[in-house]
Each structure stands twice: as C-alpha cells, then as structure tokens.
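Peer 1: Mind looking at a prediction? Sequence and model below.
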Amino acid sequence: TYKGMSYDEMKEVRKKNLNPALVTNFSKPLLIHEGHMQWLFDETGRRYLDLFGGIVTVSVGHCHPKVNEAAKEQLNKLWHTTNIYMHPKIHEFAERITETLPGDLKVVYFVNSGSEANDLAMMMARLYTGSFDIVTLRNAYHGASPYSIGLTAHGTWKFGFANGFGVHNASNPDPYRGLWGGYRDCVVQSVRATESTLEGGECSSAQKYVDQLEEVLSYSIPRGQLAAFFAEPIQGVGGTVQFPLGYLKKAFEKVRAYGGLCVADEVQSGFGRTGDHFWGFEGHDVIPDIVTMAKSIGNGFPLAAVVTTPAIAATMSKALHFNTFGGNPISSAVGISVLDVIKEDKTQENCQVLGPYFLNKLAEIRDKYPIVGDVRGKGLMLGMELVEDKETRQPISPQRMMEVWDGLRDLGVLMGRGGHYGQVLRIKPPMCITKEDVDFAIAVLQQVLDKTCDK
Ligand code: PMP
C-alpha cells in the first residue's frame with residue numbers, strides 16, 4: 001500500500017516547486033507509484049494498462065526483473081568512474097549496439113538524453129562537413145535543449161529566441177494532413193498498403209515532397225553548404241506520422257547530392273518497436289550517416305547514444321570530447337540487459353505479430369465511428385487521429401479529445417496524445433503487451449467512443 005505524500009500535498013508542491021510548464025497527461029494528473037511490466041499502479045492500488053510506456057521509453061516492461069537484476073548487480077559493484085578508466089560494461093555495450101546496426105555505423109558516443117544525442121549529432125555533422133545549415137521536417141520533435149530545440153518544428157515547444165539559427169524546415173510528408181496527401185496507396189505498412197503489397201514500391205506524393213525538400217535545399221541553404229538532414233523514421237510527438245513510401249530513400253539521396261549527412265533520430269522508433277526491423281530506418285531501405293537513440297535503449301533509465309562512422313568520428317577527434325555520465329557502469333549494465341531481454345522475450349517478434357493485429361482492430365473502429373479520421377503506424381508504434389468531421393478532417397476539439405482521453409484512463413487504459421492539434425491518440429506500449437491486452441484496450445476504446453459519439 002501507498003504511504004507517501006498525499007495527492008493534494010503533491011499538487012501543492014507541483015504548483016510551487018516544479019517547472020510550471022510540465023506536460024501533464026489527462027485533465028486530472030495521475031499519481032503513479034509502482035509499475036510492473038505493462039501495468040502501472042496508482043496510490044489507491046488501482047491498475048492501469050500502460051499503452052504509452054512513459055512516452056515510448058519503457059521498452060521491455062516496467063521494472064523488468066532481468067533489467068532490475070542487472071542494475072542491482074552493478075549497483076553493488078561499481079557506480080561510477082567516468083570513462084577515464086576502462087570498464088567492461090561500456091565496452092560490451094558499445095560492441096553490442098553496433099552489432100545491431102548496418103554498414104559502417106561502428107562508433108558509439110554515450111550520452112544521457114535524446115536532446116543531448118541530437119545536439120551531438122548536429123555538432124558532428126557540422127564539423128565533418130564544414131557547413132552549418134541543417135534541414136528538418138515540420139512537425140518533427142528532436143529535443144528541447146537550446147541547440148536541439150532548433151531541430152524541433154512545433155511552435156508549441158519553442159521560445160522566442162534564435163533557437164532555430166541555421167535550421168530550415170521542409171514540408172512534412174504527412175499522408176493525412178500534408179500538402180499532397182498520399183493516402184490510399186502510399187503509406188509505409190499501414191492497413192491500406194504494405195511495403196510488399198504496394199506496386200512499384202513508392203507513391204507519387206513521395207516525389208512531390210522530395211521536390212519541396214529540394215526547394216528548401218536550393219533556395220534556403222548557401223550553395224554547397226548543407227551539413228545535415230534529420231528525420232524520425234516515424235514521427236512520434238508529431239502524432240505517429242508515417243511518410244509516403246519511398247520518401248525517405250529519395251530524400252536521403254537528394255540530401256547527399258547536396259553534400260549533407262543523413263541523421264536518423266531513432267529515439268522513438270528503434271529497438272525493434274516497428275516489428276519488421278530493429279531500427280525504423282531499415283523499413284525505408286536507407287542507411288544513415290548518424291543514428292541517435294534514447295528512451296527504449298534504457299527501458300526508462302537515463303541513457304542515450306549517438307552512433308556514427310569512423311570517418312565522421314575522426315573529425316570529432318580534433319578536440320577532446322567528454323561526457324561525465326555517458327556510458328557509466330550502471331547505465332551500460334542496464335543497456336546490455338535491455339538488449340538481452342529484447343532477444344530473450346522476443347519483444348521485436350511480439351511487435352511484429354501484435355502490431356498488425358492491433359492496427360486492424362483500430363481500422364475496424366475507424367470505419368465505425370465518425371470521429372476517428374485515421375489509424376496508422378507500424379509494429380507497436382500506433383496512432384489514432386480524431387476529427388470533428390471525416391470529410392473535412394477538421395481536428396477534434398480539445399474538449400472532446402480530453403473527454404476521450406480521460407474516458408480511457410477512467411476505464412484503466414493509458415494512451416498518449418500528440419499531433420499538431422493534440423488530436424492523435426498515441427499507442428506505444430512496453431513491447432511485452434499481449435493479445436488479451438489489445439482486446440481489452442479495443443473494448444475500452446469502443447465503450448468510450450460509443451459514449452462520446454452518442455452525445
Ligand atoms: N527525439 C525524439 C524523436 C523524441 O521523441 C524525443 C523526446 N520526446 C527526443 C528526441 C528528446 O529526448 P529527451 O527528452 O530524452 O531529451
């Protein structure tokens with residue numbers, strides 16, 4: 001039973017002593033004090049099915065016994081030295097991470113958060129190319145540090161200072177809300193088409209979005225001075241946006257023709273979540289020059305990394321580069337055990353099997369309810385977009401969205417929220433969920449939507 005500070009006391013502290021701009025899920029925030037695998041428990045002992053995993057972070061399950069054991073074992077041996085000495089865990093972890101990556105992606109820099117990873121990736125790309133300008137996609141989220149916030153292209157997260165200096169945004173290749181759409185036949189592995197069923201392997205809107213990217217490259221960037229292009233293989237915070245099939249491959253080719261490096265931000269899409277592949281970019285048939293990763297890598301432990309090629313890393317060696325906690329013994333021990341558990345518990349396979357099952361059930365819901373505009377995603381990185389009107393695609397009002405979101409919570413299912421208008425329910429659970437959990441979530445969704453749509 002729960003013995004800590006009361007709900008009301010915490011609310012006071014939150015108001016007085018914590019960052020007032022904290023993002024809080026639901027109209028009345030939950031007090032969570034324990035977790036086990038896909039379950040979270042509040043102060044009354046009530047159990048919730050966690051379909052958001054602390055924003056796609058708890059990859060193999062809350063307090064997974066094997067990961068906990070690895071952390072405890074290391075905790076009792078050695079916490080920290082920084083990497084000024086050799087330590088077996090950081091070496092083993094670096095080797096294990098690179099074994100999951102293709103091509104020449106062999107050199108690992110350990111850091112502590114996704115923002116830090118993207119900061120470092122920006123610096124690497126700029127040093128390697130000798131150029132400064134970077135292109136990202138509108139609706140992207142790449143971090144909130146003063147450097148990485150420039151890559152993030154959501155007005156909601158930005159402050160009024162020169163945080164975007166040297167960063168340009170290209171039009172978002174969003175098949176549902178984008179300029180040229182592209183649905184029906186074009187999304188990577190949605191319920192409408194799969195990589196294998198799509199004839200020709202790409203769709204016409206992909207080329208239009210690439211042409212628009214080229215406009216940015218040729219109009220906004222000083223000639224021959226592109227440092228990098230950043231993209232999430234599937235946008236996370238932006239509301240589980242999948243690009244039209246063929247887009248990312250063509251975009252990478254174009255960026256390289258302009259002399260820039262390609263960076264895949266795998267902070268949400270990595271570690272087997274997309275099911276078919278370990279890394280999201282593999283679903284697009286590309287190999288980036290730099291990969292950034294965080295969240296799932298540590299199952300909730302503050303841990304992140306940048307992986308690049310020896311040639312790029314060599315440019316970074318012109319000065320000393322240091323990070324006190326990056327790859328520390330405990331985080332490396334946790335990271336290694338997460339990789340073990342992904343294999344042993346077959347979590348990637350679970351995403352591959354349950355993802356399409358879940359998505360097809362969501363598609364049935366989309367066809368039944370007037371406020372469900374779209375469902376999409378790959379593996380266990382799914383999204384459901386709510387609208388006021390299916391024809392006009394007008395985003396659902398914030399009040400109705402909150403009603404649905406709270407309604408799900410009241411019946412014991414926690415989902416995330418995202419998208420430019422906060423109109424997308426995000427489903428990115430710990431990868432250990434079961435078919436029964438999916439069936440439960442679908443039943444709850446129907447009950448909540450029945451109620452909202454009846455009004
Ligand atoms: N990249 C992506 C794709 C993310 O979703 C996030 C966090 N939501 C980040 C980077 C930044 O990670 P962090 O919050 O650990 O700095």
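Peer 2: All right, it came through fine. Numbers count the residues shown, from 1 in each chain.

Peer 1: Distance-wise, check the residue of the stretch 151-300 of the chain found nearest the ligand relative to N118.
Peer 2: Relative to the ligand, the nearest point of the stretch 151-300 of the chain is V267 (3.5 Å; CB to the nearest ligand atom). C-betas here are computed from N, CA, C, even on glycine. With distances taken as CB to CB, to the nearest Å, V267 is found 8 Å from N118.

Peer 1: before we move on, what about H36?
Peer 2: 32 Å.

Peer 1: Tell me which of those two has more neighbours.
Peer 2: Set side by side, H36 and N118 show unequal neighbour counts under other CB atoms under 10 Å, the larger going to N118 at 31 against 14.

Peer 1: Can you tell me the closest non-neighbouring residue to that one?
Peer 2: Distance criterion CB to CB, 6 or more residues apart in numbering; nearest residue to N118, sequence neighbours excluded, is S148 at 4.2 Å.

Peer 1: what's the answer for G379, then?
Peer 2: Computed as CB to CB, 6+ apart, the closest residue to G379 that is not its neighbour in sequence is G275, at 3.2 Å.

Peer 1: How many residues are close by the residue of the stretch 1-150 of the chain found nearest the ligand?
Peer 2: Going by CB to the nearest ligand atom, the ligand is nearest to G114 of the stretch 1-150 of the chain, at 2.3 Å. Using other CB under 10 Å, G114 has 26 other residues around it.

Peer 1: tell me the contacts of the residue lying closest to it once chain neighbours are set aside?
Peer 2: In space, and not counting its chain neighbours, G114 is closest to A294: 3.5 Å by CB to CB, 6+ apart. By CB atoms under 8 Å, 6 or more residues apart in numbering, A294 lies in contact with 113-114, 117, 267, 303-305.

Peer 1: For PyMOL, what selects the buried ones among the residues you listed?
Peer 2: To isolate the buried ones among these in PyMOL, judged by 16 or more other CB atoms under 10 Å, type:
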select buried, resi 113+114+117+267+303+304+305
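
Peer 1: Mind putting the contacts of A294 into CSV with pLDDT?
Peer 2: Converted to CSV, those look like this (pLDDT from 0 to 100):
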residue, pLDDT
S113, 98
G114, 98
A117, 98
V267, 98
L303, 97
A304, 98
A305, 98
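
Peer 1: which one of the contacts of A294 sits closest to D437?
Peer 2: Among these, V267 lies closest to D437 (CB to CB), at 24.1 Å.

Peer 1: Tell me which stretches of the stretch 51-200 of the chain form helices.
Peer 2: Under the criterion DSSP state H, counting those that start in this stretch, helices of the stretch 51-200 of the chain are mapped to 53-56, 65-75, 88-99, 114-129.

Peer 1: likewise the stretch 301-450 of the chain?
Peer 2: Ranges of helices in the stretch 301-450 of the chain, per DSSP H, counting those that start in this stretch, are 310-315, 329-344, 347-368, 398-410, 435-454.

Peer 1: Now render those helices as TSV, adding distance to V387 and mean pLDDT.
Peer 2: Formatted as TSV, the helices of the stretch 301-450 of the chain follow (distance: least, CB to CB, whole Å; pLDDT from 0 to 100):
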stretch	distance to V387	mean pLDDT
helix 310-315	43	96
helix 329-344	36	98
helix 347-368	10	94
helix 398-410	10	97
helix 435-454	12	97
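
Peer 1: what's the closest of those helices to T129?
Peer 2: Between T129 and the helices of the stretch 301-450 of the chain, the shortest separation by CB to CB is 8.9 Å, and it involves helix 310-315.

Peer 1: Run the chain-centre distance for stretch 380-389.
Peer 2: Its chain's C-alpha centre and that of stretch 380-389 lie 16 Å apart, by CA atoms, centre = their mean, to the nearest Å.

Peer 1: The most centrally placed residue in the chain: what's it in contact with?
Peer 2: Most central in the chain under CA atoms, centre = their mean is Q268, positioned 2.1 Å from the mean C-alpha point. Contact analysis of Q268 by CB under 8 Å, 6+ apart lists 55-56, 232, 234, 236, 295-296, 381, 428.
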